[in-house]
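Peer 1: Have a look at this prediction, sequence included:
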Amino acid sequence: DIVMTQTPLSLSVTPGQPASISCKSSQSLLQSDGKTYLYWYLQKPGQSPQLLIYEVSSRFSGVPDRFSGSGSGTDFTLKISRAEAEDVGVYYCMHGVDNPPTFGGGTKVEIK
Amino acid sequence: QLQLQESGPGLVKASETLFLTCTVSGGSINSNGYYWGWIRQPPGKGLEWIGSIYHSGSSYYNPSLKSRVTISADTSENQFSLKVTSVTAADTAVYYCVRDHGNWAMDYWGQGTLVTVSS
């Protein structure tokens, strides 16, 4: 199985300040179709996870543009340009290149 | 607006079979290009993909669970179901049903249902 490693485990962010989460995969997520199937999800407290980013950098419908994804191969980053109170929760990266798709361990973000 | 809703027993005895159903509204599970799947999350822990099914009946399972899991679809009821046999305490989790947009892009999630395995 591909191992997804996220850092940091937790993050405390001041409202209006940027935040960054790293995700590394144990093998390249670049596929023969030229796409890289790396996703980011946010699980707000008491809620189901919600898709934020697909294919490394594309925002899902309704996701604010303060969220951005970048990276290639095995190294990926989720950035929040200006954190807001509603961004609190656990962020997960996940690959979609083979069976089984696996998630990172999660990064808990709190807003100060 | 697509909605998914899990239903089923919240308590299952060890060694018995867990059975959950996901009812889809606001869209059809017959839609081309979408898979329908299950993900679980043990209390306080991370996420694990269980498996997915296409409306044609093709199904795919996590190899770690494949021997105990079956996912089926009822297109007439716009539902799909999960069966896990020989459950143990390790199967205690919140179970989510999801829509998979392909390549495991899970874009819609149900609210989740907690299933506890009792001894």
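Peer 2: Structure's in. What do you need?

Peer 1: Those residues of chain A touching chain B, which are they?
Peer 2: Residues of chain A lying close to chain B by CB under 8 Å from any CB of the partner chain are A:35, A:37, A:39, A:41, A:47-51, A:54-55, A:60, A:92, A:94-97, A:99-106. Heads up, the C-betas are built off the backbone N, CA and C, glycines and all.

Peer 1: Can you flag the buried ones in the residues you listed?
Peer 2: Using 16 or more other CB atoms under 10 Å in any protein chain shown as the burial test, the residues of chain A next to chain B include A:37, A:39, A:41, A:48-51, A:54, A:60, A:92, A:94-97, A:99-106 as buried.

Peer 1: how near is the residue of chain A found nearest chain B to B:Val87?
Peer 2: Nearest to chain B in chain A, going by CB to the nearest CB, is A:Gly96, at a distance of 3.6 Å. In this view, A:Gly96 and B:Val87 are 27 Å apart by CB to CB, to the nearest Å.

Peer 1: ditto for B:Lys13
Peer 2: Distance, B:Lys13 to B:Val87, using CB to CB: 8 Å.

Peer 1: Same check on B:Lys66?
Peer 2: Counting by CB to CB, the separation of B:Lys66 from B:Val87 is 15 Å.

Peer 1: next one: B:Thr70
Peer 2: Distance of B:Thr70 to B:Val87, computed by CB to CB: 13 Å.

Peer 1: between these two, which one's more packed in?
Peer 2: Taking neighbours as other CB atoms under 10 Å in any protein chain shown, B:Thr70 and B:Val87 compare with B:Val87 leading, 19 against 16.

Peer 1: what residue lies at the spatial centre of chain A?
Peer 2: Residue closest to the mean C-alpha point of chain A, counted by CA atoms, centre = their mean, is A:Trp40 at 3.2 Å.

Peer 1: I'd guess it is in a strand, am I close?
Peer 2: Yes: counting by DSSP: H, G, I helix; E, B strand; the rest coil, A:Trp40 is found in a strand.

Peer 1: Tell me the confidence at the residue lying closest to it once chain neighbours are set aside?
Peer 2: Nearest residue to A:Trp40, sequence neighbours excluded (CB to CB, 6 or more residues apart in numbering or on different chains): A:Ile53, at 4.0 Å. For A:Ile53, the pLDDT comes out at 98.

Peer 1: And the helix or strand hosting A:Ile53, what does it pack against?
Peer 2: Under the criterion of DSSP states H and E, A:Ile53 resides in strand A:49-54. Counting contacts by 3 or more CB pairs under 8 Å, 6 or more residues apart in numbering or on different chains; DSSP states H and E, strand A:49-54 is packed against strand A:38-43, strand A:67-72, strand B:106-109.

Peer 1: Each with direction, which strands does the second one pair with?
Peer 2: Same thing as strand A:67-72. Sheet pairing for strand A:67-72, assigned by DSSP bridges, gives strand A:75-80 (antiparallel).
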